[in-house]
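Asker: with the input below, show me the fold.
(2 chains)
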Number of protein chains: 2
Amino acid sequence: MSAPTHLAGSVADLSTKAHCSEIECLMAEVVADPSSPLDSSVAQAALAHLSSGGNRVRARLGLEAGMRVGLSKSDSVVLGAAVELLHNASLVHDDLQDAAMLRRGVPTIFAARGPDVAVLTGDLLLSASYAAIAQFSRSAVIGEMLRLFHRRVARVIQGQCCDLSARNRPVTELAQYEAIVAGKSGALLSLPLELALLGAGVRDTLGLAQEAAESFGIGYQIIDDLQDVGIDGPLSLNILNVLQAGRTLEEATCLATEIASRHLKFSSEAAARLPLGAGELLGKFAQVLNERL
Amino acid sequence: MSAPTHLAGSVADLSTKAHCSEIECLMAEVVADPSSPLDSSVAQAALAHLSSGGNRVRARLGLEAGMRVGLSKSDSVVLGAAVELLHNASLVHDDLQDAAMLRRGVPTIFAARGPDVAVLTGDLLLSASYAAIAQFSRSAVIGEMLRLFHRRVARVIQGQCCDLSARNRPVTELAQYEAIVAGKSGALLSLPLELALLGAGVRDTLGLAQEAAESFGIGYQIIDDLQDVGIDGPLSLNILNVLQAGRTLEEATCLATEIASRHLKFSSEAAARLPLGAGELLGKFAQVLNERL
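Answerer: Modelled structure (predicted):
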């Protein structure tokens, strides 16, 4: 998922940037393994990818949710860093699979260093995301976090596989589009909230966190799709390709906007029902996106 | 690293097969995430890869070392499964990078399902290896295991990167060859022993386990290289390409055999010095390979 440009502003507005530099430090620390005796060209590629920016939505969701539910600052940083690393692992491998040349305005790892290094860089970032979780202070809960983490990774992977398959068999049903996006994008938006809730010992609302995040992911993706009209080809997984049969572009756009709005509204309401304020930042993001539609 | 054919026999001879089916079950369980609501074509690819065989050297090293140092059967199974999954993740991505068509006599994931699924299958196996570690019963030590696991993953990744780079800049120095092989292959041979020692609370001999495993990895790889003479091209990372400058093929083969023997002897001796018999199986493997040279 690329970032709708108007969300970058929203993130800057809504989230305090406190402790974000600590997330960057932790990400760099687990990526650039100091104990490796060989040269570290893959670690350098991973650091270059991380330094290219991004709006760190998942890092901020983890940090904010962790602090809200009463975790320590350092544990909240761990959750934010872990999910952000995982997200970036998926981006590096997505770019490889898409043969994408640019991300965040700079050459992708695939473009700059070739497919072999892109495979290895994504692998290193994926492994590093687990190494970040290892730093969570309450060891009694780490096993449960790892299992959840892996379930979400599996969901993202399968979502990406469905996305790639859809290029050969265009998706024409809204429900299928929503299921793919919920898997590919929703899983890593819910994970920071779920980890925070797990860390605080609150397990009975993980499903609600997932619903809130998946709806946010779908709303967010639809906005992204609408921005990409004319860029995405007719076989791309784009909401307009899903909705356009029997409709004009204008009608499809209007309907897509309605669907996005419905998802964002649902997300905002579900996030507000999460305990301890764990969903507050996600809810605000959803609200801001919905208002700007 | 592919398996020298005469090691397959050695493994069957030397290791009890008890509990190995439990390792297979655990690997399948963490790969085929039952909670994923989408279809699971990537999980199916990963299971297909696992079911294609392999001699499970790392699984057996973990199982045997775990039992020796006094871990429970289920914890020993966890260690074996985790490292074997990690090894198989690296094989799937190696095959993609090599565009290899066959492994273990059947089409690789790359050949059978294409590069996109190969990327995702390796990712799933890598993530699953961490999910296996999550099942280790003593949560107090899981954080430390994860950090060690990630350091070894980073070493394998960088080793593979050096291996790939060597195809453009042929390796002509033995020390460089050994460093690459130690990273790429040694890291996942030492990991099962190191995890077992960590699990038993014995930390001061991790370096010795690493030395024993790296030497075994180098000896094992040299034997593999000698089997591949005529298959590997002049730019491949093969001990004969490293040693052949100024020597006949026969002289280079003789020298390579001597070097392999020296490494296997060192490995066997170092493994014997590991506490609690943690290195016994590795030492036996090294001894058998050396005797058959």
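Asker: give me phi/psi at A:Leu102?
Answerer: Main-chain dihedrals, A:Leu102, degrees, to the nearest 10: phi -130, psi 140.
Asker: out of everything not next to it in sequence, what's closest to it?
Answerer: Spatial nearest neighbour of A:Leu102, excluding adjacent residues (CB to CB, 6 or more residues apart in numbering or on different chains): A:Thr108 at 6.5 Å. Quick note: C-beta positions are derived from backbone N, CA and C, even for glycine.
Asker: next one: that neighbour from A:Asp98, what distance?
Answerer: Distance, A:Thr108 to A:Asp98, by CB to CB, to the nearest Å: 9 Å.
Asker: ok, how many other residues are close to A:Ala65?
Answerer: Using other CB atoms under 10 Å in any protein chain shown, A:Ala65 has 31 neighbouring residues.
Asker: packing partners for the host helix or strand of A:Leu191?
Answerer: Using DSSP states H and E, A:Leu191 falls within helix A:187-199. Contact here means 3 or more CB pairs under 8 Å, 6 or more residues apart in numbering or on different chains; DSSP states H and E; on that basis helix A:187-199 packs against helix A:57-68, helix A:73-98, helix A:139-165, helix A:206-227.
Asker: what's the closest of the ones you listed to B:Ser41?
Answerer: Nearest of those to B:Ser41, taken as CB to CB: helix A:139-165 at 5.8 Å.
Asker: what packs against the closest one?
Answerer: Helix A:139-165 sits against helix A:73-98, helix A:109-133, helix A:174-181, helix A:187-199, helix B:41-51, helix B:109-133, helix B:142-166, with contacts defined as 3+ CB pairs under 8 Å, 6+ apart.
Asker: from chain B, how far out is the spatially most central residue of chain A?
Answerer: Centroid-nearest residue in chain A, with CA atoms, centre = their mean: A:Leu188, separated by 4.5 Å. Applying CB to the nearest CB, to the nearest Å, the value for A:Leu188 to chain B is 13 Å.
Asker: send the alpha carbons of stretch A:103-119 over as CSV?
Answerer: Taking C-alpha atoms only, stretch A:103-119 is exported to CSV below (Å, rounded to 0.1, in the frame of the first residue of the first chain):
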residue,chain,number,x,y,z
ARG,A,103,9.1,4.5,-4.0
ARG,A,104,8.9,7.6,-1.9
GLY,A,105,10.5,9.5,-4.8
VAL,A,106,13.7,7.5,-4.8
PRO,A,107,14.8,4.3,-6.6
THR,A,108,13.5,1.1,-5.0
ILE,A,109,15.9,-1.4,-3.7
PHE,A,110,15.0,-3.5,-6.7
ALA,A,111,15.9,-0.7,-9.1
ALA,A,112,19.0,0.5,-7.3
ARG,A,113,20.5,-2.9,-6.3
GLY,A,114,18.8,-5.5,-8.4
PRO,A,115,16.5,-8.4,-7.6
ASP,A,116,18.9,-10.5,-5.6
VAL,A,117,19.6,-7.8,-3.1
ALA,A,118,15.9,-7.0,-3.0
VAL,A,119,15.1,-10.6,-2.0
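Asker: of A:Thr108 and A:Asp98, which one has the most company?
Answerer: A:Thr108 (22 against 16).
Asker: who's in contact with the more buried one?
Answerer: When contacts are counted by CB atoms under 8 Å, 6 or more residues apart in numbering or on different chains, A:Thr108 touches A:Val92, A:Asp95, A:Leu96, A:Ala100, A:Met101, A:Leu102, A:Ala118.
Asker: which residue packs closest to the second one, ignoring adjacent ones?
Answerer: Among residues not flanking A:Asp95 along the chain, A:Thr108 sits closest, at 4.1 Å (CB to CB, 6+ apart).
Asker: and what of A:Asn88?
Answerer: In space, A:Asn88 is closest to A:Leu125, 5.3 Å off (CB to CB, 6+ apart).
Asker: how close does the one you found sit to chain B?
Answerer: With CB to the nearest CB as the criterion, A:Leu125 and chain B are 10 Å apart.
Asker: for B:Leu120, see how far away that residue is.
Answerer: A:Leu125 is 15 Å from B:Leu120, where distance means CB to CB.
Asker: and stretch A:160-177, how far apart are its ends?
Answerer: Chord length of stretch A:160-177, first to last residue, is 12 Å (CA to CA, to the nearest Å).
Asker: so what's the residue count around A:Leu226?
Answerer: 18.
Asker: out of the helices and strands packed on helix A:187-199, deepest packed?
Answerer: Highest mean neighbour count of the helices and strands packed on helix A:187-199: helix A:57-68, a mean of 28 (counted as mean count of other CB atoms under 10 Å in any protein chain shown).
Asker: can you show me the CA trace of that one as CSV?
Answerer: The C-alpha trace of helix A:57-68 is given here as CSV (Å, rounded to 0.1, in the frame of the first residue of the first chain):
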residue,chain,number,x,y,z
VAL,A,57,1.6,5.0,10.2
ARG,A,58,2.1,1.6,11.7
ALA,A,59,5.0,2.7,13.9
ARG,A,60,2.8,5.5,15.3
LEU,A,61,-0.2,3.3,15.8
GLY,A,62,2.0,0.9,17.8
LEU,A,63,3.6,3.6,19.8
GLU,A,64,0.4,5.5,20.6
ALA,A,65,-1.6,2.3,21.3
GLY,A,66,1.1,1.0,23.6
MET,A,67,1.4,4.2,25.6
ARG,A,68,-2.4,4.4,25.8
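Asker: next, the angle helix A:187-199 makes with it.
Answerer: 20 degrees (axes from the mean of the first three to the mean of the last three CA atoms, to 10 degrees).
Asker: mean confidence for helix A:57-68?
Answerer: The pLDDT scores in helix A:57-68 average 97.
Asker: what's that helix in contact with?
Answerer: Residues from elsewhere that reach helix A:57-68 (CB under 8 Å, 6+ apart): A:3, A:7, A:11, A:15, A:19-20, A:23, A:73, A:75-77, A:79-84, A:86-87, A:188-189, A:191-193, A:195-197, A:199, A:276-282, A:285.
Asker: off-centre distance for that helix?
Answerer: 12 Å (CA atoms, centre = their mean, to the nearest Å).
Asker: can you check stretch A:229-242 too?
Answerer: Centroid separation between stretch A:229-242 and its chain, computed with CA atoms, centre = their mean, is 21 Å.
Asker: what does stretch A:162-180 give?
Answerer: Its chain's average C-alpha position is 19 Å from that of stretch A:162-180, according to CA atoms, centre = their mean.
Asker: span of it from start to end?
Answerer: Start-to-end span of stretch A:162-180 (CA to CA) is 6 Å.
Asker: equivalent analysis for stretch A:89-105, please.
Answerer: Stretch A:89-105: ends 18 Å apart by CA to CA.
Asker: quick one: contacts of that stretch?
Answerer: With CB under 8 Å, 6+ apart, stretch A:89-105 has contacts from A:2, A:46, A:49, A:52-54, A:107-111, A:115, A:118-119, A:121-123, A:125-126, A:128-129, A:156, A:160, A:164, A:188, B:115-116, B:119-120, B:123.
Asker: 6 Å instead, please
Answerer: A:49, A:52-53, A:108-111, A:115, A:118, A:121-122, A:125-126, A:156, B:116, B:119 (CB atoms under 6 Å, 6 or more residues apart in numbering or on different chains).
Asker: buried among those? Need that as a selection in PyMOL.
Answerer: Applying 16 or more other CB atoms under 10 Å in any protein chain shown to the contacts of stretch A:89-105, the buried members can be selected in PyMOL as follows:
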select buried, (chain A and resi 49+52+108+109+110+111+115+118+121+122+125+126+156) or (chain B and resi 116+119)
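Asker: ok, A:Phe143 - contacts?
Answerer: Wrong residue type there; residue A:143 is Gly, not Phe. Contacts of A:Gly143 (CB under 6 Å, 6+ apart): B:Ala134, B:Ser139, B:Ile142.
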